[in-house]
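Chemist: quick one: sequence and predicted model below, then my questions.
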Amino acid sequence: MNRILVFLSLFSLLWGSSTFASAAGVEKLNEEKWRNGQMIYELYCAVCHGYEGVPFNPRSPSFADGERMGKKDEDLYIAIINGIGEDDAVGQAMPAWGEIINEKERADVLYYIRKIISKGKIKKE
């Protein structure tokens, strides 16, 4: 009898916590997209935008900028594909990555970028 009560208690606790997490807006992390996106981000993006979306160079945009990151995914895809701005005297512009990063990699890196911005709301399992 005690085993049944323990089992039911644990089941209720686990079920309740997953329901609470869903209700609180906690999203389960897609590990494959996260890993692939992180690899692409660290290879191509982190040198300017920083490893957690906060740039090393103050001239590079921060992913903590709500206005910039409030843009639609389509707008950010276009920026990744075509680049942004013209090179200035010190080479400051975002290069076009369309020929280097394929469609799946773009989706994964954008997923990763969106998640590093909302890192407090990711449930790693």
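Modeler: Yes, it's here.
Chemist: where does this structure dip in pLDDT?
Modeler: By pLDDT under 70, the low-scoring segments of the chain are 1-27, 87-92, 118-125.
Chemist: can you map out the strands along it?
Modeler: Under the criterion DSSP state E, the chain contains strands at 27-28, 122-123.
Chemist: for the protein, which segments count as helices?
Modeler: Assigned by DSSP state H, the helices in the chain fall at 2-23, 31-40, 46-49, 66-69, 73-82, 103-117.
Chemist: can you count the residues close to residue 104?
Modeler: 11 (other Cβ atoms under 10 Å). From N, CA and C alone the C-beta is placed, and that goes for glycine too.
Chemist: any idea how far the residue lying closest to residue 57 once chain neighbours are set aside lies from residue 28?
Modeler: Excluding the flanking residues, the one nearest residue 57 by Cβ to Cβ, 6 or more residues apart in numbering is residue 48, at 6.5 Å. Using Cβ to Cβ, to the nearest Å, one gets 30 Å for the distance from residue 48 to residue 28.
Chemist: who's more crowded, the two?
Modeler: Comparing residue 48 with residue 28 by other Cβ under 10 Å, the one with more neighbours is residue 48, at 16 against 12.
Chemist: that one reaches residue 60, doesn't it?
Modeler: Yes: counting by Cβ atoms under 8 Å, residue 48 touches residue 60, with 4.3 Å between them.
Chemist: against residue 94, how distant is the residue nearest to residue 57?
Modeler: Counting by Cβ to Cβ - residue 48 and residue 94 are separated by 7 Å.
Chemist: now do residue 35 against residue 42, distance only.
Modeler: According to Cβ to Cβ, residue 35 stands 11 Å off from residue 42.
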